[in-house]
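Q: Sharing a model prediction with you, sequence too.
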Amino acid sequence: MTKPPQPLAALLEVMARLRDPERGCPWDLAQSFATIAPYTLEEAYEVADAIESGEPERLKDELGDLLFQVVFHARLAEERGWFDFAEVARAIDEKLVRRHPHVFGQPQGALDRTALAREWEEHKAHERAAAAQVRGEESSSALAGVALALPALTRAVKLGKRAGRVGFDWTLASDVRAKVAEELAELDAAVRESEPRDAAEAPAAAPASVVEELGDLLFAIANWGRHLQVDPEAALRAANAKFERRFSWMERKARERGLALAGLSAEEWDALWRESKSEAACPA
């Protein structure tokens, strides 16, 4: 194993001690790839939150937490004799050099961002094809490797983008807008067909047809965002944050006015909401 520089070596030693069968931490010893994976995803999201906060110290702290997740997974793999942290670092080092021939290879002249993105995707496609051959598969699907654990909106965009590379895509954003309208109409129809005649017949859960049509609508909206050059995941995060700000403002105002939230009428809620939307009261 290649000896890593300090303080990374110290972190690897801490991880080894935590997993020591005799002197380690009972909680860390009980973990597996499967049990640690949710924490890895959580830490990645916390890094994203720290970036949005614009707080350098918080970002440093969250990056450390995410790095520890990588170290943890590498330690579990090392214990099984698969690979160690040094091999993980070496693999990504080689991959980055391989995917950046315009930087580490022969000079190719200036490349714009579009050309670089195309070159990057070509390298990734070749790597997926090579991996498929190693697995004994005749070819690799254009959709292969899009992680199931990705947020659904992000995964929808990646699937749409991959399909687009082989020609299956909308031409214009307006074409996707028409698809959104079509999917919304199909959802409306599914809802109408499943509506109970009275409250006593209301199902405990939405019918499968409604769930399916809502999924189709969300997929179309995600890819409409892609064609509009908008990251739907980021747009939804921003909308969530805006809703939180406005709702918190309404809660505060209700308390100041001696109003009980649970007792507000629909009209009172609407008035508070419209008030919260004014720039002076609650900036977007």
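A: Thanks, I have the structure now.
Q: C-alpha only now, for contacts and for neighbours.
A: Will do.
Q: Tell me how many other residues surround residue 23.
A: The burial count assigned to residue 23 is 10, neighbours taken as other C-alpha atoms under 10 Å.
Q: Next one: it relative to residue 17, how far apart?
A: The spacing between residue 23 and residue 17, counted by C-alpha to C-alpha, to the nearest Å, is 7 Å.
Q: what does residue 172 give?
A: If you go by C-alpha to C-alpha, the gap between residue 172 and residue 17 works out to 56 Å.
Q: same thing with residue 170?
A: In this structure, residue 170 lies at 54 Å from residue 17, with C-alpha to C-alpha as the measure.
Q: all helices in the protein, in order from the N-terminus.
A: Applying DSSP state H to the chain gives helices spanning 8-18, 26-29, 33-53, 56-79, 85-99, 101-104, 113-134, 152-165, 173-194, 208-227, 232-256, 266-276.
Q: so which of the ones you listed comes closest to residue 144?
A: For the helices of the chain, proximity to residue 144 was assessed by C-alpha to C-alpha; helix 113-134 is nearest, at 7.6 Å.
Q: ok, residue 172 and residue 17, which is more surrounded?
A: Under the neighbour definition other C-alpha under 10 Å, residue 172 and residue 17 were set side by side, and residue 17 has more, 15 against 11.
Q: re the thing from before, quick one, which of the helices of the chain is nearest to residue 145?
A: Ranking the helices of the chain by proximity to residue 145 (C-alpha to C-alpha) places helix 113-134 first, at 7.8 Å.
Q: Could you count how many residues lie near residue 266?
A: Residue 266 sits with 9 neighbouring residues when counted by other C-alpha under 10 Å.
Q: what's the offset of stretch 40-56 from the middle of its chain?
A: Using C-alpha atoms, centre = their mean, to the nearest Å, the distance from the centre of stretch 40-56 to the centre of the chain it belongs to is 12 Å.
Q: one step back: mind putting the helices of the chain in JSON lines, mean pLDDT and distance to residue 140 included?
A: As requested, the helices of the chain are exported to JSON lines (pLDDT from 0 to 100; distance: least, C-alpha to C-alpha, whole Å):
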{"stretch": "helix 8-18", "mean pLDDT": "96", "distance to residue 140": "36"}
{"stretch": "helix 26-29", "mean pLDDT": "96", "distance to residue 140": "37"}
{"stretch": "helix 33-53", "mean pLDDT": "92", "distance to residue 140": "26"}
{"stretch": "helix 56-79", "mean pLDDT": "97", "distance to residue 140": "26"}
{"stretch": "helix 85-99", "mean pLDDT": "93", "distance to residue 140": "19"}
{"stretch": "helix 101-104", "mean pLDDT": "82", "distance to residue 140": "24"}
{"stretch": "helix 113-134", "mean pLDDT": "68", "distance to residue 140": "5"}
{"stretch": "helix 152-165", "mean pLDDT": "93", "distance to residue 140": "12"}
{"stretch": "helix 173-194", "mean pLDDT": "95", "distance to residue 140": "27"}
{"stretch": "helix 208-227", "mean pLDDT": "96", "distance to residue 140": "23"}
{"stretch": "helix 232-256", "mean pLDDT": "92", "distance to residue 140": "27"}
{"stretch": "helix 266-276", "mean pLDDT": "92", "distance to residue 140": "51"}
